[in-house]
Structure formats: structure tokens, C-alpha cells
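*Asks:* Fold the following, please.
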Amino acid sequence: MTQNPTLVPAAELVKRNTTSQPNESAAYRRARNELLREEIELRRHIERVAQLRRMLPPGGEVIGDYRFQGENGPTDFNGLFGDKQTLVVYSYMFGPQREQPCPMCTSLLSAWEGEARDMQQRIALAVVARSPIERLVAFKRERGWRHLKLYADLNGHFSRDYHAVEEDGSDTPAFSVFTRRDGTPRLFWAAEMGFETADPGQDPRGAPDPMPIWTVFDMTPEGRGTDWYPKLDYPA
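*Replies:* Numbers count the residues shown, from 1 in each chain. Model prediction:
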């Protein structure tokens, strides 16, 4: 691991903070400063995890018979990279057995839609599902998505190999990152935090969570709640 710079203790950084909020009490400021110390430590831990992720050794070579249909025609796995060396694939829970796609996946992708053009300056981003491309495109238009690139997994091999299909054939979300820096497509990293690794009283979640909505809710007194999930539509 590369040598990290010497960091000023979080408690010292808190002392340097001169922010105060209107009409706050002394008790609020004491508690807020303690929370600020934890927030600084969390930021540092997130960076340590990201550094460890970047230092992973080369992952397994991608060798399957993977066939996709995009909006502009068929492609193989290498075609998903375009002119980039890194490819992020989100496996969308929108298989042919579903009347509608997963609302949670749709919420995540709606947020990513707003960032897609920025992300695609540096990486390739592909949304893969097992429904026919015509069905995916129709829903994309219904949602008003313009910048996400959707692909149908024509033979289902990719979805099965990279953990987007349960044993009973149902969909499950998957988030995978691939590289081809040595000319060979390889897995770089894939999300592995599911039901088996969830903590008591919590839904399965990644760390950091890729859904912006939960990051915002975590900053509110209501938190994420226990009985609310995104929907595909809401009453006017």
C-alpha cells in the first residue's frame, strides 16, 4: 500500500471549525462537534476503502459467450467499453417475467441518468437487463431517460455468470466494474454486500451506497425508515 500522508487528528480539525448555526445552544454545539469528528473519521475510512479497492490484483478474465442488443444494434462484451478502458455495468431488475421493472433499481438509475454524461467522460456505463431491447427502450422513453445506455442480455449468460439471476430464475441487482487495461477484459470489482452480509434491522446495502436518495435521507431525522421504498409513479 502506498504511504498515506500524516493526517491531523480529527479532534484537532474539529477545533479549527469556526462554523456555528443560528440560535444554537451550547449542548447542540458540543454534540455537533462530536458528530463532526465522526464524520471526518468516516470520510477518511471511505478513502481507505477506496484505496484498497484500487489496489485489488487483476480479477478474472471475461471469457463467456456474452451477447447484447443495444439501441444501435448487437454487440459483444468488448463493445460495451466503447473507447474507454473501464466499464461499469448495472444489472437492472427488468427481466421478461416482470410486468414492470424494479422500482428501487429505477430510482437508482433515474439518479444516474442525471450524472450519465459526466460519468461517461471517464468510463463506459452500461445498463443490462434480460428483457428485449424494444421493451427497455419503451420504458426508457416513458421515464424520459436520454443518456443511459441500455442493453438486452440476449442469451442471459452474462446475467447468470455475474450474479444478476437467482437460482429460481428471478432477477437480482448486480453492480460490476470491468477493465481492459492490459488488452484483456477482466473483472475489477463487483458488489458483494447482500442479504448474507446485512446488519440486523437493515436492508442490504453497499458501502458507500450507490443510491443518492439514501445518502440524503441519512442526513434527516427520519432516516431511511423501515416501511418506505421508491415507486414507479406517485399521485399528482
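*Asks:* The chain: helices as residue ranges?
*Replies:* 10-16, 26-54, 103-119, 133-143, 157-161, 212-217 (DSSP state H).
*Asks:* how far does stretch 224-236 stretch from start to finish?
*Replies:* Distance across stretch 224-236, first residue to last, is 23 Å (CA to CA, to the nearest Å).
*Asks:* try stretch 146-164
*Replies:* Distance between the two ends of stretch 146-164: 24 Å, counting by CA to CA.
*Asks:* can you check stretch 149-167 too?
*Replies:* 27 Å.
*Asks:* follow-up on the earlier one: deepest of the helices of the chain, which one?
*Replies:* helix 157-161 (a mean of 18; mean count of other CB atoms under 10 Å). (C-beta placed from N, C-alpha, C; glycine too.)
*Asks:* send the alpha carbons of that one over as PDB?
*Replies:* Output of helix 157-161 as PDB, limited to C-alpha atoms (Å, rounded to 0.1, in the frame of the first residue of the first chain):
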ATOM      1  CA  HIS A 157     -25.200 -15.800 -19.900                       C
ATOM      2  CA  PHE A 158     -23.800 -12.500 -18.600                       C
ATOM      3  CA  SER A 159     -26.600 -12.000 -16.100                       C
ATOM      4  CA  ARG A 160     -26.200 -15.500 -14.800                       C
ATOM      5  CA  ASP A 161     -22.400 -15.500 -14.600                       C
END
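*Asks:* Just checking the distance from stretch 181-194 to the centre of its chain.
*Replies:* 14 Å (CA atoms, centre = their mean, to the nearest Å).
*Asks:* Repeat that for stretch 81-98.
*Replies:* The answer for stretch 81-98 is 12 Å, by CA atoms, centre = their mean.
*Asks:* what's the span of it, first residue to last?
*Replies:* So stretch 81-98: terminal residues 28 Å apart, CA to CA.
*Asks:* Test my guess that residue 81 contacts residue 185.
*Replies:* Yes. Contact criterion CB atoms under 8 Å: residue 81 and residue 185 qualify, at 7.4 Å.
*Asks:* for the helices of the chain, which one sits closest to residue 68?
*Replies:* helix 157-161 (7.5 Å; CB to CB).
*Asks:* quick one on the thing from earlier: ok, residue 81 and residue 185, which is more surrounded?
*Replies:* The neighbour comparison of residue 81 against residue 185 (other CB atoms under 10 Å) goes to residue 185, with 23 against 18.
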